[in-house]
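Asker: dropping the sequence and predicted coords here.
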Amino acid sequence: MAYEDVVPVSLSAKFQGSFAYFTVRDRMSTILTKIIDTIHRNKNKFFEEHGEEGVEAEKRAISLLSKLRNELQTDKPVLVLSDDQQDTEEWNQYMVRQQAVLDGNEVPSWFKSPWLYVECYMYRKVQESLNLNPPICNFDVFEEAKNKSFFESQLAIIAICTYQQSVLNKIEDLSEEHILEQFLKLLQVTLWGNKCDLSISAGKAISQQCSPIDSLEVLKPYILVDDSRSVWSVLINSSSAGSPPRVDIVLDNAGFELVTDLILADFLLSSRLASTIHFHGKYMPWFVSDTTKKDFEWTIKQVLRSNHKYMSKCGAQWKKYCKDGTWTFDDHKYWTLPHEFCDMSQVAPDLYNDLQKSSLILFKGDLNYRKLTGDRKWDYTVPFQRALRGFQPAPLCSLRTLKADVQVGLKPGQGENLSAADSNWMTNGKYAVIQFSSPCKQ
Ligand SMILES: O=P(O)(O)OC[C@@]1(O)O[C@H](CO)[C@@H](O)[C@@H]1O
Ligand SMILES: [Mn+2]
């Protein structure tokens, strides 16, 4: 690869006092404690479903997770996976590669290895502790928290569904300029929806309480890079060329954020800016609030079942899209591997080839941004495209609120000014980017 020569180091807990260090030290072990607690609280459910075998499985899973938490807290080496799943071998090979990049006598461990790797590894190990205990292997340890955050955002969901129906009612009469205006609004709604992730708060409920449309103007100054016009150009150029494009959305969190993604997807179809939407989600519970297939289907069902007229109208339309194939959902295993996205064409060529058929890929959220940029110590002014290191299956855009200390594509001095004004600007979720990259620009 042409760029391979100068790649900055990975963020890691080995940099004491860094955000990665505090995440590995505090947030990740809190999350493990909550998981242990959740499994324990569900003991009766396991007994009802599987009898004594379910209770035994609960005990064994908890013992594996306690061991894992202890290994994390004492910076023990990371261990091979032994649950014999489709991705087990891939994970173990990745560990061997991590070993190879360390000094001869060091082994990959929680505080020495790249943060991206060990954080993904923790969620995969949680799944392993369940996989090794078959009666409870399909238990989603985060389901309760995800569903709770959906219900706690009810008012905001009603507000956005009501707004959506008012736009859709008049959509046939809207000029291109008005469609653009609505598009920009809904892109920002889905952007700020990314504030609602449950991993940064170590599982503590975060919901959207007020009307998302009303806050857009106030939030605008916090968008550090806004390439939304380039995103618009891709859509409008392909649709005026006669074929409304396929748009892919690489989802992040369930709950309010997912609803905002579905609202945008619906709008793109209703305004004929897109002809199909391909959603991508997680194959296993991931980073607390990430969307699995079950969450995706559950959310649409809940919206459809609502007593609120406009909310259920949205749900009915979304169900129809799923049924007739206008919306598809894919949970490729690559999204729950620890790789930077620049590895995708080699590690998962099937997924890369599929994404190449898209006209526009929207990447939601912070973890996707970390994987797009490799979670490395880039200078703030490095162009986004450079940080992608050749990952460009199609025009793509990251919609992300900043919750990790990696940021590229800023103007000279912009990062320094932000640091002077707000020392936590990269991690407090107050700021956001709409960052675009297109193969044509290469
Ligand atoms: O991808 P998301 O949901 O926007 O954020 C996930 C996330 O909160 O998890 C990590 C903390 O554990 C952060 O690096 C990251 O911001
Ligand atoms: Mn997430």
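Answerer: Everything's here; your move. Numbers count the residues shown, from 1 in each chain. Ligands and ions are numbered 1, 2, ... in the order given.
Asker: ranges for the strands of the chain?
Answerer: 223-226, 246-250, 276-280, 327-330, 360-364, 396-401, 432-437 (DSSP state E).
Asker: out of those strands, deepest packed?
Answerer: Highest mean neighbour count among the strands of the chain (mean count of other C-beta atoms under 10 Å): strand 396-401, with a mean of 26. Just so you know, the C-beta spots here come from the backbone N, C-alpha and C atoms, and that holds for glycine as well.
Asker: who's in contact with Y163?
Answerer: Contacts of Y163 were listed using C-beta atoms under 8 Å, 6 or more residues apart in numbering, and they are 211, 213.
Asker: okay, now G413: neighbour count?
Answerer: Each residue near G413 was counted by other C-beta atoms under 10 Å, and the total is 10.
Asker: and it, what's its pLDDT?
Answerer: As predicted, G413 sits at a pLDDT of 98.
Asker: so that it lines up with my notes, have the first residue be 465 from now on.
Answerer: Taking 465 as the first residue, the last one we looked at is G877.
Asker: mind putting the strands of the chain into a markdown table with mean pLDDT?
Answerer: Output for the strands of the chain, formatted as a markdown table (pLDDT from 0 to 100):
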| stretch | mean pLDDT |
| --- | --- |
| strand 687-690 | 98 |
| strand 710-714 | 98 |
| strand 740-744 | 98 |
| strand 791-794 | 98 |
| strand 824-828 | 98 |
| strand 860-865 | 98 |
| strand 896-901 | 98 |
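Asker: save the ones you listed as a markdown table, and put in distance to Q562 too.
Answerer: Below are the strands of the chain laid out as a markdown table (distance: least, C-beta to C-beta, whole Å):
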| stretch | distance to Q562 |
| --- | --- |
| strand 687-690 | 31 |
| strand 710-714 | 25 |
| strand 740-744 | 26 |
| strand 791-794 | 28 |
| strand 824-828 | 24 |
| strand 860-865 | 26 |
| strand 896-901 | 28 |
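Asker: between the ones you listed, which one is closest to ligand 2.
Answerer: strand 824-828 (8.3 Å; C-beta to the ion).
Asker: packing partners for that closest one?
Answerer: Helices and strands touching strand 824-828, by 3 or more C-beta pairs under 8 Å, 6 or more residues apart in numbering; DSSP states H and E, are helix 692-704, strand 710-714, strand 860-865.
Asker: R736 and S703 touch, don't they?
Answerer: Yes. R736 lies in contact with S703 (C-beta atoms under 8 Å); the separation is 6.0 Å.
Asker: of the two, which one has the most company?
Answerer: Neighbours of R736 and S703, each counted by other C-beta under 10 Å, are more numerous for S703; the result is 18 against 12.
Asker: can I assume that one is in contact with V711?
Answerer: No. Between S703 and V711 there is no contact under C-beta under 8 Å: 10.8 Å.
Asker: shared neighbours of these two, which are they?
Answerer: 737-738.
Asker: in the chain, where is pLDDT below threshold?
Answerer: Scanning the chain for pLDDT under 70 picks out 465-469, 660-674, 905-906.
Asker: how far away is the residue in it sticking out farthest from the centre from ligand 2?
Answerer: Most distant from the centre of the chain: E516, at 36.8 Å, with distances by C-alpha atoms, centre = their mean. Per C-beta to the ion, to the nearest Å, E516 is found 36 Å from ligand 2.
Asker: kindly report the same for N602.
Answerer: 21 Å.
Asker: over to V653?
Answerer: Distance from V653 to ligand 2, counting by C-beta to the ion: 17 Å.
Asker: in contact with that residue, which residues?
Answerer: 624, 676-677, 680, 724, 727-728.
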